[in-house]
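A.B. asks: build the 3D model from these lines:
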Amino acid sequence: MSTATRKSPLTDWTLVVPVVALVALVFSWGRDLPSGVVALVALCLGGAVLAAVHHAEVVAHRVGEPFGSLVLAVAVTVIEVALIVTLMADGGPKTASLARDTVFAAVMITCNGIVGLSLLVGALRTRVAVFNAEGSGAALATVATLAVLSLVLPTFTTSKPGPEFSTAQLAFAAVASLSLYGVFIAVQTVRHRDYFLPVDTGAGRSRPAGAASPSEAATAMASASALASASALASASASAGGGAGREAPAPVDEDHAEPPSVRDALISLGLLLVALVAVVGDAKAVSPTIESGVESAGLPNAVVGVIIALLVLAPETLAAVRAARRDRVQTSLNLAYGSAIASIGLTIPAIALASIWLSGPLLLGLGPIHMVLLALTIVVSALTIVPGRATLLQAGVHLVLLAAYLFLAVSP
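C.D. replies: Predicted coordinates:
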């Protein structure tokens, strides 16, 4: 049988690299590293990123969408939160805005960078990238609400001077963020899971500009199933007469590959966590070199948060691009918006809890330039998502927005 000769999705390098990266983390943690060792840790960091993407895809193939993208988004965000809290505890007053800078960088990178790259790859492959507007629109609305509540309102509240919440306001923002994140997860995985599944692009390319909703598709499939059942009866009678030894082809997954075994999936899940710990830990190990480089170059301190977010989100970026190459743009959007939602929905409660023992101010409010970029990102994203289809133009607009954010981070 094919199951006896099925190749394991676990390859040698994906087993070894996460462990090597974790060993590099152990030996580099809390030490002043020379430039040669920093380069070696950075190499381990890159390998851990590739290994994390591979193991996330193995787990995703086993559990299916949208659970697969959810696993990677939550795992990366939980470790990102731990990294932010650790840096804030060790960094003193200069890290008062680190949480804001890193979370906002994550929002801009996911909503413009990951979305833009995914749409670019999807549009280059099929001319028009097709996705589910209902699910992506709901995720975008959640991102916009969380971002405004957590990153915009602190600039305008008057209970405390400066762009920060009072204790009561921070507690409310934490509870609201965590509650909204929980509701989104319930909708994505239980009540409306079909809104977050990849669209059948074989039918999607021939649809008119308004992509069919799941209910419309269900109606169409119901009428088509009557014809299918009739033809199935005819083929069954035909095979009974002369084709008894030949089986009718069964529907297969889009990847045309058998899902990995439970054992392989569990091993990949464990190695995924190891790789993500190594990614974030190695990023922290090289962060002093990054900070000194930023200082010596005369760049704003916010650039450190941008670099950390780029490093931490590298696994999700690669996974999203690879999904788009397989014509699964909805999976890419699940990763992008899911990461943004998890970044805010988990970071704000964690920071609120950590503020009990962290000394110094906690600056969360955005400045005018970043508020303009956030508003433009929300408007452009809504216009991209509503049709359920996107071309190279939408991809280019999002990538230009990311470029503007990165440029203004370096030259505000």
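A.B. asks: contacts, neighbours, all on C-alpha from now
C.D. replies: OK.
A.B. asks: lowest mean pLDDT among the helices and strands of this protein, which one is it?
C.D. replies: helix 214-242 (a mean of 42; mean pLDDT, DSSP states H and E).
A.B. asks: residues contacting stretch 50-70, please?
C.D. replies: With Cα atoms under 8 Å, 6 or more residues apart in numbering as the test, stretch 50-70 has contacts from 9, 13-14, 17-18, 71-72, 188-189, 193, 196-198, 259-262, 265-266, 268-269, 271-273, 275-276, 315-316, 318-319, 331, 334-335, 338.
A.B. asks: whoops, stretch 95-106 was the one
C.D. replies: With contact meaning Cα under 8 Å, 6+ apart, stretch 95-106 is reached by 84, 87-88, 151, 302, 305-306, 308-310, 313, 339-340, 343-344, 347, 351, 360-366.
A.B. asks: how does it look with 7 Å?
C.D. replies: For stretch 95-106, contacts defined as Cα atoms under 7 Å, 6 or more residues apart in numbering pick out 84, 88, 302, 305-306, 309, 340, 343-344, 361-364.
A.B. asks: the biggest helix by length in the chain: what's the following helix or strand?
C.D. replies: In the chain, taking DSSP state H as the definition, the longest helix is helix 262-296. Beyond helix 262-296 on the C-terminal side, the first helix or strand identified by DSSP states H and E is helix 302-312.
A.B. asks: name the residues of the helix or strand that contains L146 that are buried.
C.D. replies: Using DSSP H and E, the element containing L146 is helix 133-147. By 16 or more other Cα atoms under 10 Å, the buried positions in helix 133-147 come out as 133-144, 146-147.
A.B. asks: how about those in JSON lines, adding pLDDT and distance to A285?
C.D. replies: Formatted as JSON lines, the buried residues of helix 133-147 follow (pLDDT from 0 to 100; distance: Cα to Cα, whole Å):
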{"residue": "A133", "pLDDT": "93", "distance to A285": "40"}
{"residue": "E134", "pLDDT": "92", "distance to A285": "41"}
{"residue": "G135", "pLDDT": "92", "distance to A285": "38"}
{"residue": "S136", "pLDDT": "94", "distance to A285": "36"}
{"residue": "G137", "pLDDT": "95", "distance to A285": "38"}
{"residue": "A138", "pLDDT": "94", "distance to A285": "37"}
{"residue": "A139", "pLDDT": "95", "distance to A285": "33"}
{"residue": "L140", "pLDDT": "96", "distance to A285": "33"}
{"residue": "A141", "pLDDT": "96", "distance to A285": "36"}
{"residue": "T142", "pLDDT": "96", "distance to A285": "33"}
{"residue": "V143", "pLDDT": "96", "distance to A285": "30"}
{"residue": "A144", "pLDDT": "96", "distance to A285": "32"}
{"residue": "L146", "pLDDT": "95", "distance to A285": "30"}
{"residue": "A147", "pLDDT": "95", "distance to A285": "29"}
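A.B. asks: weed out the non-buried ones from the contacts of stretch 50-70.
C.D. replies: Buried among the contacts of stretch 50-70 (16+ other Cα under 10 Å): 9, 14, 17-18, 71-72, 188-189, 193, 196-198, 259-261, 265-266, 268-269, 271-273, 275-276, 315-316, 318-319, 331, 334-335, 338.
A.B. asks: on that earlier part again, so after the helix holding L146, what's the next helix or strand?
C.D. replies: helix 153-156.
A.B. asks: and the helices in the stretch 301-412 of the chain?
C.D. replies: 302-312, 314-325, 329-354, 368-385, 392-410 (DSSP state H, counting those that start in this stretch).
A.B. asks: ranking the ones you listed by burial, who's on top?
C.D. replies: Of all these, helix 329-354 carries the top mean neighbour count, a mean of 26, counting by mean count of other Cα atoms under 10 Å.
A.B. asks: the inter-axis angle of that one versus helix 133-147?
C.D. replies: Angular relation of helix 329-354 and helix 133-147 on a 0 to 180 degree scale: 20 degrees, by axes from the mean of the first three to the mean of the last three Cα atoms, to 10 degrees.
A.B. asks: gap between helix 329-354 and the chain center?
C.D. replies: 8 Å (Cα atoms, centre = their mean, to the nearest Å).
A.B. asks: and stretch 151-159, by the same measure?
C.D. replies: 27 Å.
A.B. asks: could you export it as PDB, CA atoms only?
C.D. replies: Output of stretch 151-159 as PDB, limited to C-alpha atoms (Å, rounded to 0.1, in the frame of the first residue of the first chain):
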ATOM      1  CA  LEU A 151      -2.300  52.300  19.800                       C
ATOM      2  CA  VAL A 152      -4.400  55.400  18.900                       C
ATOM      3  CA  LEU A 153      -6.600  56.200  21.900                       C
ATOM      4  CA  PRO A 154      -3.600  56.600  24.400                       C
ATOM      5  CA  THR A 155      -2.500  59.600  22.400                       C
ATOM      6  CA  PHE A 156      -5.800  61.400  23.100                       C
ATOM      7  CA  THR A 157      -6.700  60.200  26.600                       C
ATOM      8  CA  THR A 158      -6.300  62.900  29.300                       C
ATOM      9  CA  SER A 159      -6.100  60.900  32.600                       C
END
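A.B. asks: low-confidence regions, the stretch 51-200 of the chain specifically.
C.D. replies: In the predicted model, the stretch 51-200 of the chain carries pLDDT under 70 at residues 65-66, 68-69, 72, 90-92.
A.B. asks: tell me the spacing between F196 and L15.
C.D. replies: 31 Å (Cα to Cα, to the nearest Å).
A.B. asks: and if you look at S287?
C.D. replies: 26 Å.
A.B. asks: and G338, by the same measure?
C.D. replies: 27 Å.
A.B. asks: V312 too?
C.D. replies: 20 Å.
A.B. asks: and if you look at V78?
C.D. replies: 22 Å.
A.B. asks: likewise L153?
C.D. replies: To L15, L153 is 45 Å away according to Cα to Cα.
A.B. asks: please apply the same query to S136.
C.D. replies: Using Cα to Cα, S136 is found at 34 Å from L15.
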